[in-house]
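*Asks:* Coordinates for the following, if possible.
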Amino acid sequence: TWNHCLSSCLLAPNMLASEPHGTAAARLRALLRREGCHVLLGCYDCVSAKAIEKAGFQACFVSGYAVSASRLGLPDVGLCTYSEMVDTCSNICRCVGERLCVIGDGDTGHGGLSNLRRTIEGYAHAGLAGITIEDQVFPKRCAYAKGVDVIPLEDAEERLRAALLARDELRRRTGLDLVVIGRTDARRAGEDAQVALEEAL
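*Replies:* All right, here's what the predicted structure looks like:
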């Protein structure tokens, strides 16, 4: 299971007055507004997602690391494609999405800013409540591997802005919604704890 701490993630400014109601994203925002920390277990298929639901959790994370390992038998070095992630996430959301807030691993957006726009739309159509976007270089490496490298903070901010713009345009056009979560791997890239915290904030 995925045990990466969400305290290293940044919830981008997603809580807009115009946010659609009754969506998976709205349920996730309501969960995030509650006091305290939330434990988030990782899944990689419908069975693991059902186990998380049966254990009483309210949200789960579709881990790119776990999907790459279980579906391809390969390490998490950017080999699991956008299409494979969308297919896996769609199946999981059809299985538990009405009861669990499912967050998908968006890696770096699966490429440049144009790819990121497509990733936001595909993940929303899959039924996900949220997506994490990280600040690694592309192609990326597993956050637990050696040689992790991150892009400059300004570029990471641009990547998140592009994700939010794509999400907002999708809202206007289709009514679909998605919580965008910025994640930093600065600590794994060798930055000290204070720098990593500043990157996250």
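*Asks:* same for the longest helix anywhere in the chain, what does it pack against?
*Replies:* Ranked by number of residues, the top helix in the chain under DSSP state H is helix 153-174. For helix 153-174, the helices and strands in contact under the criterion 3 or more CB pairs under 8 Å, 6 or more residues apart in numbering; DSSP states H and E are helix 113-125, strand 130-134, strand 179-183. The C-beta positions use only the backbone N, C-alpha and C, and glycine is treated the same way.
*Asks:* contact partners of the second one?
*Replies:* Yep, that's strand 130-134 we're talking about. With contact meaning CB atoms under 8 Å, 6 or more residues apart in numbering, strand 130-134 is reached by 9, 25, 28, 61, 101-109, 116, 119-120, 123, 140, 143, 159-160, 163, 178-185.
*Asks:* my read: residue 129 touches residue 30, true?
*Replies:* No - using CB atoms under 8 Å, residue 129 is not in contact with residue 30; the gap is 10.4 Å.
*Asks:* Looking at those two, which is more packed in?
*Replies:* residue 129 (26 against 11; other CB atoms under 10 Å).
*Asks:* Quick check: phi and psi at residue 103.
*Replies:* Main-chain dihedrals, residue 103, degrees, to the nearest 10: phi -110, psi 130.
*Asks:* do the same with residue 64
*Replies:* phi -60, psi -40.
*Asks:* how far out from the middle of the chain is the helix or strand containing residue 91?
*Replies:* Following DSSP states H and E, one finds residue 91 within helix 82-96. When C-alpha coordinates are averaged (CA atoms, centre = their mean, to the nearest Å), helix 82-96 and its chain have centres 13 Å apart.
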